[in-house]
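Peer 1: here is my input; please provide its structure:
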Amino acid sequence: MSFAIVSVFKVGPWLVRNQEINIHMANSKGALERYWKANIKIVVGLLLLWFCVSFGCGILLRDWLDAHFPSVGSAPFGFWMAQQGSILCFVGILILYAKLMAKLDHQIQSEGGTER
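Peer 2: Residues are numbered from 1 along each chain as shown. Next up, the predicted model:
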């Protein structure tokens, strides 16, 4: 089974065109199911991490963080985590997501025998 994906969309003054991707898999349905299951695991895990950092460190553990960690500048650590640390953690999660998805894409392509 094979299918092709072609998308064209405009970004500002530039025309961005994704190359045609031909996917040839012996077991396309099984590979896609493994891909989406792994994708959902990654997304749920990273959302839980984001929740723990933003809600846990910023709200629930703020007093404990203030007492047990040094202040950042003139702000207590718990306040800093609520204001800045959770944003920096979110950026780190985005980078981690990109790396994990690239690894998953490479793994599925090598297992399924896809050709680009």
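Peer 1: not counting its neighbours along the chain, what's nearest the spatially most central residue of the chain?
Peer 2: Nearest to the mean C-alpha position of the chain, by Cα atoms, centre = their mean, lies Y97 at 2.5 Å. Spatial nearest neighbour of Y97, excluding adjacent residues (Cβ to Cβ, 6 or more residues apart in numbering): L46 at 5.7 Å. Where C-beta positions appear, they are placed from N, C-alpha and C, glycine not excepted.
Peer 1: M101: what's it in contact with?
Peer 2: N39, I42 (Cβ atoms under 8 Å, 6 or more residues apart in numbering).
Peer 1: mind listing what's buried in the host helix or strand of it?
Peer 2: Assigned by DSSP states H and E, M101 belongs to helix 86-112. Burial within helix 86-112, assessed by neighbour count using 16 or more other Cβ atoms under 10 Å, is assigned to S86, C89, I93, L100, L104, I108, Q109, G112.
Peer 1: check stretch 60-70 too.
Peer 2: Buried, per 16+ other Cβ under 10 Å, within stretch 60-70: R62, L65, D66.
Peer 1: hang on, the earlier thing: would you mind confirming that the residue nearest to Y97 is in contact with F90?
Peer 2: No. Contact criterion Cβ atoms under 8 Å: L46 and F90 do not qualify, at 9.8 Å.
Peer 1: circling back: and the buried residues of helix 86-112, which is the shakiest by pLDDT?
Peer 2: The lowest pLDDT within those belongs to G112, with 63.
Peer 1: just the helices from this protein, written as ranges.
Peer 2: Along the chain, counting by DSSP state H, helices occupy 28-51, 62-68, 77-80, 86-112.
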